[in-house]
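Trainee: 3D, please:
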Amino acid sequence: MCRNSILLSLVVLSLTIFGTGQVPDKGELKINGVALKPVAEGSFLLGDRKAKFITSKDGVPEVMEIANTDGSTTRLLYERDWKPAAANLEEFTGEWSSEEAQSQVTFNVENGNCF
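Mentor: Numbers count the residues shown, from 1 in each chain. Predicted coordinates:
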């Protein structure tokens, strides 16, 4: 498997993790309607912008950097799933309401479980 194929596989996995608006369309991976195309040295083109992944020492993608045409850089950061401990959940115990949604909910924690 060539380097770009491996990296493109990594991109698909990473974009799922990063939660961007990616959509496979006729064999192309698209982000917000723009095709992501592999180019030399493990970089990708996203329309007229260059994109690359920065990985941890374990090879896990942590950041996707997109060089914008105005000289700025967009950085998409990997966020791991939040798996709170029971003590973290206790902070949410109580009555929660939304005037806009016209609703109210009671949040309780018993033995590390939410109700």
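Trainee: all the strands of the protein, residue numbers only.
Mentor: Across the chain, reading from the start of the chain, the strands by DSSP state E fall at 22-25, 28-31, 34-38, 44-46, 49-55, 61-67, 73-77, 94-98, 103-107, 109-110, 113-114.
Trainee: in its sheet, what does the fourth one sit against?
Mentor: Looking at strand 44-46 with DSSP bridges, its partner strands are strand 34-38 (antiparallel), strand 49-55 (antiparallel).
Trainee: ok, and the closest non-adjacent residue to Phe92?
Mentor: Nearest-residue entry for Phe92: Phe107, 5.1 Å, with adjacent residues in sequence omitted and distances by CB to CB, 6 or more residues apart in numbering. For glycine as for every other residue, the C-beta is placed from the backbone atoms N, C-alpha and C.
Trainee: neighbours of that neighbour, how many?
Mentor: Counted with other CB atoms under 10 Å, the burial measure for Phe107 works out to 14 neighbours.
Trainee: same question, Trp82
Mentor: As a burial measure, the neighbour count of Trp82 was computed by other CB under 10 Å and equals 6.
Trainee: repeat for Thr74
Mentor: Residues near Thr74, counting by other CB under 10 Å, number 12.
Trainee: quick one on the thing from earlier: what's the closest of the strands of the chain to Asn88?
Mentor: Nearest to Asn88 among those is strand 109-110; the distance by CB to CB comes to 9.5 Å.
Trainee: so where's this protein shaky on pLDDT?
Mentor: Where the chain drops to pLDDT under 70, the residues are 1-27.
Trainee: do that again at 50, thanks
Mentor: Low-confidence segments of the chain, defined by pLDDT under 50, span residues 1-8, 17.
Trainee: show me the domain layout of it.
Mentor: Here the chain is described, according to automatic domain parsing, as comprising the domains 3-77, 82-115.
Trainee: so the residue nearest to Phe92 makes contact with Ser97?
Mentor: No - in terms of CB atoms under 8 Å, Phe107 does not count as a neighbour of Ser97; the distance is 11.2 Å.
Trainee: pick the most deeply packed of the domains of the chain.
Mentor: Using mean count of other CB atoms under 10 Å, the stretch among the domains of the chain with the largest mean neighbour count is domain 3-77, at a mean of 14.
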